[in-house]
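Participant: Build me a model:
(chains A and B)
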Amino acid sequence: MAYGQIDTVLHIQAIEINAAPSALTSDKVLDSVTYPIYFSEQIGPLIIENSNIFIKSYGSGSLATLSLRGGNANQALVKWNDIPIANPMLGLSDLSLLPLVLFENAEVSPGGYSVLEGNGAMTGLIRLSNNISTENKNGALNVSVGSFGKQFYAAQLNLGSSKLKSQSKIFYNSANNDFNYSINSTLPERKQTNANFESRGLMQNLSFDISQKSRVNLDIWLQKTFREIPPTTTQNVSEAEQDDILNRYVLSYTYFADKFYIKSKLAYLDEENNYRDAQILIDTENQFKRWFHQSRFHFNTKKALDFSLFYEYSNTTANTEFYADAQKLDQIALGFSARKEWSNLSVLGALRKEWNQNTNAPLSPLLTIHYQLDDKSTFELKVSKEFRFPTLNELFWIPGGNADLLPEQGWNQELTYTFNHTFKNRFSITLYHRLIDDWILWGLLEGSPIYSVTNLAQVRSYGGEIKSEQRFNLGPFNSNLKIGYAYTISENQKTISNPTIERGDQIFYTPVHRMFFNWNVDLNCLNFRFNSNYTSSTVGINNNLEGYLLSNIFLSKKLAIGKQNLDLGLRFNNIFNTQYRVIERRPMPGRNFTLNLNFNF
Amino acid sequence: MRFTILIFTFCITAIHAQTTSDFESFNLEIDTFLNGMDGSAGFSEGNIFLPNDYNTNFMSWSGWAISTSTDVTTPGFTNQYSSIAGNGFDNSQTYATTFVLGESQIKLTGDALGGEVNGVYVSNATYSYLSIRDGDGFAKKFGGETGDDPDFFLLTIKKYLNGQLGQDSINFYLADYRFSDNTQDYIIDAWSYIDLLPLGNVDSLSFSLSSTDNGAFGMNTPAYFCIDNFETADAINTSTKNTFAQSVKIYPNPTSDFLNFNLDITNEHQVRIYQSDGQLVLNKTLSLTKNRLDIAHLENARYFGIIEYKNIIQTFDFVKL
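Facilitator: Next comes the predicted model:
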């Protein structure tokens, strides 16, 4: 059974080489079932409603960041076609800038992935990727309209020959986000203001088969997003707004032979994040340019033994008025992995070392033991060293940046049991533990007049995750029930005066309990889906936040029009009109709907 | 402009000087400021020193700055030097602004060292005032989401004497939203006088701020306020200090209807009563037989006053309940 980063699915003709993480703990959240429901959304709602993962959202259209297994947003990695796309200044990816219509695959993998995936994957990763259609000519039109002025239009065209294939996508997405929200039952409802969102972009994927053994890919992702930053519930007016401009290019080369393959990628990212607030006279431009090169040599033997050598190099130049000068950071990583398989046992070992000119991460090992108890039950044990380098802002921000910061580092242990019965009934349980030292934290040090960043904290995280999937088929009736639950403890191990943290405190915005429930029913051309997800109370920086239960319904009908087909879908979000907050003082929308139209030709 | 007035006690036996630090001697252009970036580590004016801590690496400051900023409309930290009054006390140009990190101190120097401080005018900084009134991305508008939160922004003044921090304090609400009737909620938007005589003799004063809007990173309300016309009661001849016991006794205090003055000479005395913002509210003539002042019509508040006989004056304060 395939597992681990160096698992590969190899087809000589198609040269498909997918470096997928562990199948046991990964959730493929974007598929043919979820795409018609979420194509007009960013990735956030898809993850919230289809996994145990918590997303820290500042509101509709606003910043949304990952919280995986009690970690911070910059401790989780987001990759697009194997290229890390986190903003190196902030160290995180804003999930509200990841429109699902651009991708064919989205996979969420909680757990320690620093050794295999690199800097920042301490708590897991999201893998986004494109697969160019194997058909020579097809396309799709997507339209979605909904509450709060939502408008979404997208088009896709796939063209190609046996050697050259092209996949083009464009989209436009806007919303007023002027929803009403309630403070309490005695006060009149209020309307969200200064919350416009407008995003447009394109994705171009080209694939050229040089020979039956080698292929070149070019992926281009251009996107511009404008959004207003709404006021908090304790703020009269906001005039803040932000532009996010992304220009991403990836050139890939793959060579496949009988016993080995070589894969090399060169990426260039040119991005801006510009923030303005006319009220407080702020107009800042934050820019970075990044070259990223990655090569992997993978060798298979006939004795169920394979090796992989990998290397990564990045050169980042970033500038903002809050740096003394434009800052440059070169980072290099070398790694090795080996996997040996026996009849019911597989062992994967890996090592990684990563440096930049400021500091270096510890030599980081990984050991994964996969044991197949019988044809239904498997165990996987994973032990790994995890690390995260300081971000550019943490190093160079004025005031408060600290060029002497050390990488965060610590050990991660995971044990997963999976029961899989003829792919109809599936159950898994994962237990994990992670202890991170040199946890980087902004705070006010004794005697210092300014907030600064230091390796101040130590955080222990542990918990369990349960997932279950039950499928039932009876003639044209298909039922799929997915349930998941996560228990997350992430405790500070040191008492800190500023921010005020006691030893044993749960870290901010980390729910102890997360749960989701998805019931999907297909009957002929009709589809019904009910989702419910629960997030328990969290500790906020200013106040504690109450837990909340959200429920959504999706109805769709598939229509055939000649050789083409049309999906009509209606999605009702937050059907019980729950008034809730993910971040204190940031209201969230109540009941709303979206009408989806997906035409494939 | 720095000016010094000689104040004689009622019995003439003690001679004291009064120095008012109004920061005009810095001769700043309008809408400018001094924030210590020249490495001065503070500002001397009259008989006081205002410490400043400027971090050259981070280009940040705390402690005191000298300002002539007139901006009363721009919210946020880009307008951190302004007073919401729009100028100094009594329409003067220059005043001092502090960013309070724990505490901001004012150290007495020269003849003022170890003596009393008469008082000081204070105002909200524009940054704090607008944040309290309107909220911002970090701090709440006072009253909160419902308007009913009992919020306050409090200035607490204590003294240091001989290196010891005194336990007595003077509290002044820069904003107070604790009233059950929300229409009474207020934010100080003009210069207000604080009588510091109750603190007695001091070497330096400690100013600290507290708020009901706090998070894990401390107080969310911007920790700024402004001062002007800081007045020290300088001792020119310390041997005369004991004669203060012979001053006019004024009672009861607090009071609701009358103030009594135990005058011991028959001549007429002029009494003037001022609000905390310096506005004159009462001006009467008293004598040995007519020594009661009707203050029942005044609003409940703290007042200060001056009793004058020829060229001899004495200051006092009282609370009207």
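
Participant: contact partners of the helix or strand harbouring B:Ser128?
Facilitator: Under the criterion of DSSP states H and E, B:Ser128 resides in helix B:126-134. Residues external to helix B:126-134 that are found in contact with it (CB atoms under 8 Å, 6 or more residues apart in numbering or on different chains): A:235-237, B:69, B:71-77, B:79-80, B:82-84, B:124, B:136, B:139, B:141-142, B:151, B:153, B:174-175, B:187-189, B:221-225. No exception for glycine: its C-beta is placed from N, CA and C like everyone else's.

Participant: which SSE is the residue positioned nearest the centre of chain B in?
Facilitator: Nearest to the geometric centre of chain B sits B:Val120, at 2.9 Å (CA atoms, centre = their mean). Using DSSP H and E, B:Val120 maps to strand B:116-124.

Participant: Flag every buried residue along the host helix or strand of B:Asp234.
Facilitator: Using DSSP H and E, B:Asp234 sits in strand B:224-235. For strand B:224-235, the neighbour count (16 or more other CB atoms under 10 Å in any protein chain shown) marks B:224-235 as buried.

Participant: Could you give the number of residues near residue 176?
Facilitator: Using chain A. A:Asn176 has 19 neighbouring residues, counting by other CB atoms under 10 Å in any protein chain shown.

Participant: look at chain B instead
Facilitator: The number of residues packed near B:Asp176 is 18, by other CB under 10 Å.

Participant: Thought A:Leu281 was touching B:Pro75, still the case?
Facilitator: No - B:Pro75 is not in contact with A:Leu281 according to CB atoms under 8 Å; the separation is 9.1 Å.

Participant: ok, these two, which is more surrounded?
Facilitator: Neighbours were counted for B:Pro75 and for A:Leu281 using other CB under 10 Å; B:Pro75 has more, 25 against 14.

Participant: and the strand holding B:Asp234, which strands flank it?
Facilitator: The pairing partners recorded for strand B:224-235 under DSSP bridges are strand B:15-21 (antiparallel), strand B:95-99 (antiparallel), strand B:116-124 (antiparallel).

Participant: For B:Glu29, which residues are in contact?
Facilitator: Shown in contact with B:Glu29 (CB under 8 Å, 6+ apart): B:Thr68.

Participant: which bits of the stretch 51-200 of chain A sit near chain B?
Facilitator: Counting by CB under 8 Å from any CB of the partner chain, the residues of the stretch 51-200 of chain A close to chain B are A:183-184, A:187.

Participant: quick check, nearest of the residues you listed to chain B?
Facilitator: Of all those, A:Ile183 has the smallest distance to chain B: 4.8 Å, by CB to the nearest CB.

Participant: what's the following helix or strand after the longest helix seen in chain A?
Facilitator: For chain A, the helix that runs over the most residues, judged by DSSP state H, is helix A:43-50. Next in sequence after helix A:43-50, counting helices and strands by DSSP H and E, comes strand A:54-57.

Participant: so how far is the helix or strand following that next one off the chain centroid?
Facilitator: Counting by DSSP H and E, the next helix or strand C-terminal to strand A:54-57 is strand A:64-67. Distance of strand A:64-67 from the chain centroid (CA atoms, centre = their mean, to the nearest Å) equals 8 Å.
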